[in-house]
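Peer 1: next come a sequence and a model predicted from it.
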Amino acid sequence: MSNAGVSHASSVASSCSLLGSTTSSQSSPLKLHGRAFYESIGSPKLVLAPMVDQSEFAWRLLTRSFMPSDSFHSLLAYTPMFHSRLFAETPKFRDAHFQPLRTSLISHSPLPEAHFFLDGNPELDRPLFVQFCANNPQELLAAAKYVSPFCDAVDLNLGCPQGIAKKGKYGAFLQEDQELIYSLVNTLHKQLNIPVTVKIRILDTKESTLKYAQNLLKAGASIITVHGRTREMKGHKTGLADWNVIRFLRDNLPSDTVIFANGNILRNEDIARCLEVTGADAVMSAEGNLYDPAIFAPPPKYGEEGREYWRGKDGKGGWRTDAVFRRYMDIIYKYVLEVSPPERKPLYLPSDPDPDYEGDVIMKTTKREMESASYEFAPDKKKQKTGKTEKTNNPNLLAMQAHLFHLLRALVSRHHHVRDALARCRAGDIIAYESVLKMVEDVVRDGLKQYNDTQGKSWDEEFEQDKRLKADYYLNPQRHERSGLIDNVQGQEEGRGSEESHQLLDESSFKAVKACKRPWWIVQPHIRPLPNEALAHGSWALSKKDKKAVEATRIPHLE
């Protein structure tokens with residue numbers, strides 16, 4: 001193994017060792033509650049959100065791997081949301097979504113520590129909350145008992161706004177049934193041997209949201225996570241989360257209430273600001289983490305960037321896409337496929353003495369071994385047919401393509417051959433993903449070399465050409481005419497003063513794009529257009545009923 005490979009593997013191993021050093025694998029005889037429980041898991045300030053099919057073990061471990069060695073327990077992670085009835089009643093569903101052991105979960109009793117595998121492994125994956133959606137207290141309890149030996153708390157999803165949640169009557173579509181919500185939480189509070197927590201969305205008024213939270217506390221919730229958006233704020237209507245409602249809850253709930261704030265976390269700098277504005281105990285990130293799994297970690301100090309972190313001539317920087325891709329792949333190899341990662345040459349730097357550097361994999365882990373690793377995850381009945389990669393139900397392999405499209409969003413929007421190759425990848429086809437990694441390394445190498453050769457001008461020119469960084473993109477008269485909802489600004493220089501134009505920009509995503517945009521070889525947040533921008537560009541249309549509501553509503557300022 002090369003020095004770079006040894007260094008990275010040691011870093012991950014060290015991270016995992018420290019992660020489990022203070023977390024007990026067994027449940028405490030005394031069930032703690034509320035702030036006492038929160039303090040028992042280290043009072044984490046940083047929280048990786050539950051994301052459907054996207055906060056699986058490998059992604060959680062990747063996120064934790066960026067944390068400083070002395071700060072692993074400052075990060076709490078959630079599993080993806082599981083359906084409680086399916087989890088409780090269907091062994092195949094449990095096996096396909098939650099893998100704390102190498103064997104199926106057939107009882108509610110924990111096994112000796114040596115048998116722990118991935119999810120909830122005390123050496124790798126704690127603190128951990130397992131999230132369920134539910135509308136039946138006994139089904140929720142039955143599901144929760146299966147996972148209780150392998151996590152620190154069970155979380156009830158009361159925030160999912162999607163249509164499937166409405167159809168199934170769970171998530172945010174339970175919020176009108178406060179009696180049922182009370183029963184769900186109280187059943188776990190009284191009958192489960194670990195704490196119950198909840199994740200909610202705000203209601204139409206801060207006062208109704210306060211009553212909602214008070215009901216949850218009365219039912220026995222130890223922690224309340226508040227997403228500062230309403231149930232209707234999704235897709236093109238997502239908009240900005242309202243931190244002021246979270247602050248209202250902080251000021252009006254008992255002082256010992258543990259509150260997590262969720263929403264508007266695009267980059268690391270947003271975390272401290274959210275804590276200050278909301279007064280929350282911790283900050284949760286979902287989408288921001290998908291685009292940058294290092295969002296919770298502070299950047300390396302100047303002079304300590306190494307090869308994985310890049311800084312430009314203006315001092316701004318971020319983690320290289322090829323570096324994060326490599327780190328993610330190595331976790332898949334080591335922990336999911338349980339084979340040694342391929343040994344690789346160090347990532348390219350313009351300062352390298354060899355101008356003909358090629359970042360190829362040193363194939364000590366041979367193509368045959370990688371094919372075998374993929375083959376092991378094929379269904380048993382299909383292994384006799386061909387050597388081709390068959391379908392897998394491993395959640396860590398199923399999530400890879402979606403994760404990589406998030407990580408590489410800026411890169412693939414420019415390099416379409418990488419996008420097309422990634423789109424052809426199938427779950428478990430590790431060789432195909434290695435090919436995409438090689439493409440990514442090549443284009444990143446070219447981008448870094450061009451940046452260095454032009455002394456940064458290549459990126460400066462690209463930055464200046466971004467239409468989202470031009471005021472006209474937000475103030476263009478034709479755009480407003482098409483929307484029919486925002487006043488026509490034709491002749492704005494005559495009819496509107498500069499103050500009003502500045503206000504329009506303040507109410508746009510202009511500032512966020514300007515603050516967050518980085519070179520395409522850097523992982524970076526995706527800035528969604530605000531609802532008024534999506535309307536203006538024709539991305540979505542309103543019903544007559546909704547038009548009246550939009551006309552009466554101002555989009556909050558992007559501060």
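Peer 2: That came in fine, so what should we check first? Numbers count the residues shown, from 1 in each chain.

Peer 1: average model confidence for the longest helix seen in the chain?
Peer 2: Looking across the chain with DSSP state H, the single longest helix is helix 430-453. Averaging pLDDT along helix 430-453 gives 97.

Peer 1: any buried residues in that helix, and which?
Peer 2: 430, 432-434, 436-445, 447-449, 451 (16 or more other CB atoms under 10 Å). The way it works is simple: take the backbone N, C-alpha and C, and place the C-beta from them, glycine included.

Peer 1: now that helix, how far from the centre of its chain.
Peer 2: Here the centre of helix 430-453 is set off from its chain's centre by 24 Å, with CA atoms, centre = their mean, to the nearest Å.

Peer 1: elements contacting it?
Peer 2: Applying 3 or more CB pairs under 8 Å, 6 or more residues apart in numbering; DSSP states H and E, we find helix 430-453 packed against helix 321-331, helix 367-375, helix 400-407, helix 409-412, helix 416-424, helix 457-464.

Peer 1: what's the domain layout of this structure?
Peer 2: 3-291, 309-457, 467-516+529-551 (automatic domain parsing).

Peer 1: now those domains in JSON lines, with distance to Pro299?
Peer 2: Below are the domains of the chain laid out as JSON lines (distance: least, CB to CB, whole Å):
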{"stretch": "domain 3-291", "distance to Pro299": "7"}
{"stretch": "domain 309-457", "distance to Pro299": "7"}
{"stretch": "domain 467-516+529-551", "distance to Pro299": "14"}
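
Peer 1: tell me the most buried of those domains?
Peer 2: domain 3-291 (a mean of 19; mean count of other CB atoms under 10 Å).

Peer 1: taking the mean pLDDT, what do you get for it?
Peer 2: So the average pLDDT for domain 3-291 ends up being 89.

Peer 1: now do stretch 349-364
Peer 2: Mean predicted confidence for stretch 349-364 is 64.

Peer 1: what about the strands in the stretch 201-350 of the chain?
Peer 2: All strands of the stretch 201-350 of the chain, identified by DSSP state E, counting those that start in this stretch, fall at 223-227, 258-262, 282-285, 309-311, 317-319, 343-344.

Peer 1: possible to save these as JSON lines with distance to Ala49?
Peer 2: Converted to JSON lines, those look like this (distance: least, CB to CB, whole Å):
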{"stretch": "strand 223-227", "distance to Ala49": "8"}
{"stretch": "strand 258-262", "distance to Ala49": "7"}
{"stretch": "strand 282-285", "distance to Ala49": "5"}
{"stretch": "strand 309-311", "distance to Ala49": "24"}
{"stretch": "strand 317-319", "distance to Ala49": "20"}
{"stretch": "strand 343-344", "distance to Ala49": "31"}
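
Peer 1: among these, which is nearest Lys45?
Peer 2: strand 282-285 (4.9 Å; CB to CB).

Peer 1: pairing partners for that closest one, with directions?
Peer 2: Strand 282-285 sits in its sheet next to strand 46-48 (parallel), strand 258-262 (parallel), going by DSSP bridges.

Peer 1: returning to what we had before: of the helices and strands packed on helix 430-453, which approaches Ser340 most closely?
Peer 2: Going by CB to CB, the one of the helices and strands packed on helix 430-453 nearest Ser340 is helix 367-375, 8.3 Å.

Peer 1: what element comes up after the closest one heading to the C-terminus?
Peer 2: Sequence-wise, the next helix or strand downstream of helix 367-375 (DSSP states H and E) is helix 395-398.

Peer 1: what is the longest strand seen in the chain packed up against?
Peer 2: Criterion DSSP state E: the longest strand present in the chain is strand 75-83. For strand 75-83, the packing partners by 3+ CB pairs under 8 Å, 6+ apart come out as strand 46-48, helix 57-65, helix 91-97, strand 128-133.

Peer 1: dump these into CSV; add distance to Gly288 as well.
Peer 2: Output for the helices and strands packed on strand 75-83, formatted as CSV (distance: least, CB to CB, whole Å):
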stretch, distance to Gly288
strand 46-48, 10
helix 57-65, 11
helix 91-97, 24
strand 128-133, 18
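
Peer 1: for Pro298, which of the ones you listed is the nearest?
Peer 2: Of all the helices and strands packed on strand 75-83, strand 46-48 comes closest under CB to CB, at 11.0 Å.

Peer 1: just how off-centre is that closest one within its chain?
Peer 2: The answer for strand 46-48 is 9 Å, by CA atoms, centre = their mean.

Peer 1: kindly report the same for stretch 50-66.
Peer 2: Distance of stretch 50-66 from the chain centroid (CA atoms, centre = their mean) equals 7 Å.

Peer 1: cool, stretch 188-204 as well?
Peer 2: Here stretch 188-204 is found 21 Å from its chain centre; the criterion is CA atoms, centre = their mean.
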